[in-house]
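Undergrad: Fold the following and give me the result.
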Amino acid sequence: MTAQASDADRRVLVRPAWLEATVSAVFSAVGFDPDDAARIAVALVEADLRGVSSHGIMLVPMYVDRLNAGGVTRERELDVISDAGAALVVDARGGMGQLTSPQAMGHAIERAGRYGIGLVSVRNAHHFGAASRWAMQAALAGCIGIAMSNTTPLMPAPGGAERLVGNNPLAIAVPTTAGAEIVLDMALSAVALGKIRLAASAGRPIPDTWATDSSGTPTTDAEEAVLGMLLPAAGHKGFGLALMIDVLTGVLSGGGWGDQVRPLYREPDRPNDCAHLFLAIDPELLGGAESFRRRSSGLAARVRGSATAPGVDRLYLPGEIEAERAAQQRRNGVLIERSGLDGLLAAARAVGAVIPAGGVLN
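TA: You can find the predicted model right below:
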């Protein structure tokens, strides 16, 4: 069997609407109302559409396990702990991040419209999926959007052999005349842990620059890497940025930081207790929205029009590849790991969800 054939066997093409309906059925079956179940499903499937499978439907079995064990709640409303005008601290009450995060960023956008900037600090939170979705929420409303979260410790300090800080994701989305066109979304490890989990479930090796085993030695064995430590992006720089995001999320909010943030895949009965920060900046109150969008569009055009290296046909903005992939996959079907689909269907059967027919295209 060729490598190409093996790759084809590991992936399956499905209809996006079917995938959303199936995920929604799972969350309806575990106690969410239909609208909230659909919101969770749309957020997860969007990650798969954009090619960020580590934050897509592969998370469903883990979420269901945590819901059943009590490690995540079905609460959806935020409790406001403090309100200082442009800045709020809120308590997510352990609810699903796909439900609490749009509310938090909505508050940030509303405050930005009043004060030029809106900041919402969230404690007692749960995993929110792809950070880009919440930053883009602000950009589509005409604001610069920033979203970040801390995670359970996954990375050592440079030269260390102990998990000390999470790979703490950061997303920044910038509106242009074409919409939410510039979208940076990055974890501060060399790769997200979800990518290593996907490799482990598919039996694939990983580059030795992604992670170490439990002793701190770089490894190509994905299963050893899951039990070991992620390596920071750009070495000490990635570690330093991740540490500062722990400050801006957990320490600032009064929520969990460091090893107070619990693992998602272990101890499913214990709250994740991560923390988020959402920031919206309204250009209208800082010199004019139209002027800003023209200038940011000029910046985008400058990047696309800059000189290319030999053999390179095109240059991309941050998030542009993901946006184009999402548009293409909405039309033609979304390609997902077969192991991810199997996990979703197993979770659906386990909770008694009704699986719609006709979703698989190949």
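Undergrad: so where do the strands sit in the stretch 201-350 of the chain?
TA: 211-212, 229-230, 274-281, 334-337 (DSSP state E, counting those that start in this stretch).
Undergrad: could I get those strands as a markdown table with mean neighbour count?
TA: Every C-beta, even on glycine, is put in place using the N, C-alpha and C of the backbone. Formatted as a markdown table, the strands of the stretch 201-350 of the chain follow (neighbours: other Cβ atoms under 10 Å):
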| stretch | mean neighbour count |
| --- | --- |
| strand 211-212 | 24 |
| strand 229-230 | 27 |
| strand 274-281 | 27 |
| strand 334-337 | 22 |
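Undergrad: would TSV of those strands with distance to Arg293 and mean pLDDT be doable?
TA: Putting the strands of the stretch 201-350 of the chain into TSV (distance: least, Cβ to Cβ, whole Å; pLDDT from 0 to 100) gives the following:
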stretch	distance to Arg293	mean pLDDT
strand 211-212	40	94
strand 229-230	37	94
strand 274-281	13	98
strand 334-337	30	95
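Undergrad: Save those strands as JSON lines, and put in distance to Val261 too.
TA: Formatted as JSON lines, the strands of the stretch 201-350 of the chain follow (distance: least, Cβ to Cβ, whole Å):
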{"stretch": "strand 211-212", "distance to Val261": "19"}
{"stretch": "strand 229-230", "distance to Val261": "14"}
{"stretch": "strand 274-281", "distance to Val261": "5"}
{"stretch": "strand 334-337", "distance to Val261": "26"}
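Undergrad: among those, which is nearest Gly70?
TA: strand 274-281 (16.5 Å; Cβ to Cβ).
Undergrad: Can you list the strands that the closest one pairs with?
TA: strand 117-125 (antiparallel), strand 144-149 (antiparallel) (DSSP bridges).
Undergrad: Quickly note the distance from Ala34 to Ile57.
TA: Quick fix: residue 34 reads Pro, not Ala. The spacing between Pro34 and Ile57, counted by Cβ to Cβ, to the nearest Å, is 18 Å.
Undergrad: more neighbours, those two?
TA: Shown here are Pro34 and Ile57; by other Cβ atoms under 10 Å, Ile57 has more neighbours (26 against 11).
Undergrad: ok, the more buried one - contacts?
TA: If you count contacts by Cβ atoms under 8 Å, 6 or more residues apart in numbering, Ile57 has them with Leu19, Val23, Leu44, Val45, Asp48, Ile336, Gly340, Leu341, Gly343, Leu344.
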